[in-house]
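S.K.: sequence? don't have it. structure:
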């Protein structure tokens, strides 16, 4: 997986192998193609999830310059999704498990998991997350944001729960009963996304303001009417 940074440097994600097995690996290259030795350790960064088989398969550049790599890690029962976030200089940041569900709906459809829309449709993207922080039971998150990226990893749209100007231009969260689950909804007005394919993600900061929880990416397509 590859992302192009605004400064022209290129970051690649995949895996590296040693005697213990495979690990997540990132490497950054300068504009002239040389390895950027200022990134991580000598131009490379490794994340080990403690299994013999870890590999990154997707990479996204966040608006704040941090890098999020997604892939898999081996377990005794098979494989799990693995997610690691890195600072812009290639140092790893603390990770936290976030369980999400993914659905989206558009006008004229009875399917709760519609992934294809017309550009003339209003789009409501739905998700849910579970926060394991005991202090946050029944407490609203500090912030809820929603981002839309194109398939090249460039940010094309962002929404903020606290700054939405109308129901069609905001993201909301609702606690599910008295549990630690929150239902998330991001609304987009017709024409807000041009025809194309997009990756979607919710970003939640919990009540303690100490963690940023990012839901899994998934893809929708917007078609010309």
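M.R.: Arrived safely. The structure presented is a predicted model; accordingly, all values stated were derived computationally and were not measured.

S.K.: mind giving me the domain ranges of the protein?
M.R.: As recorded under the TED database, the domains making up the chain are 2-87, 114-223.

S.K.: mean pLDDT and mean neighbour count added to the ones you listed, as TSV?
M.R.: All C-beta spots, glycine's among them, are computed from the backbone N, C-alpha and C. Below are the domains of the chain laid out as TSV (pLDDT from 0 to 100; neighbours: other C-beta atoms under 10 Å):
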stretch	mean pLDDT	mean neighbour count
domain 2-87	87	16
domain 114-223	79	17
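
S.K.: and the residue lying closest to residue 204 once chain neighbours are set aside, how far from residue 201?
M.R.: Excluding the flanking residues, the one nearest residue 204 by C-beta to C-beta, 6 or more residues apart in numbering is residue 213, at 4.5 Å. According to C-beta to C-beta, to the nearest Å, residue 213 and residue 201 sit 11 Å apart.

S.K.: before we move on, what about residue 146?
M.R.: 7 Å.

S.K.: again with residue 150
M.R.: Counting by C-beta to C-beta - residue 150 and residue 201 are separated by 13 Å.

S.K.: equivalent analysis for residue 77, please.
M.R.: 27 Å.

S.K.: do residue 121 as well
M.R.: Look at residue 121 and residue 201: by C-beta to C-beta, they are 20 Å apart.

S.K.: next: residue 5.
M.R.: In terms of C-beta to C-beta, residue 5 sits 19 Å off from residue 201.

S.K.: hey, where'd the helices end up in this protein?
M.R.: With DSSP state H as the criterion, the chain has no helices.

S.K.: so residue 122 makes contact with residue 186?
M.R.: No: counting by C-beta atoms under 8 Å, residue 122 does not reach residue 186; the two are 11.4 Å apart.

S.K.: which ones are touching residue 71?
M.R.: Applying C-beta atoms under 8 Å, 6 or more residues apart in numbering, one finds that residue 71 lies in contact with 13, 15, 24, 54-58, 81-82.
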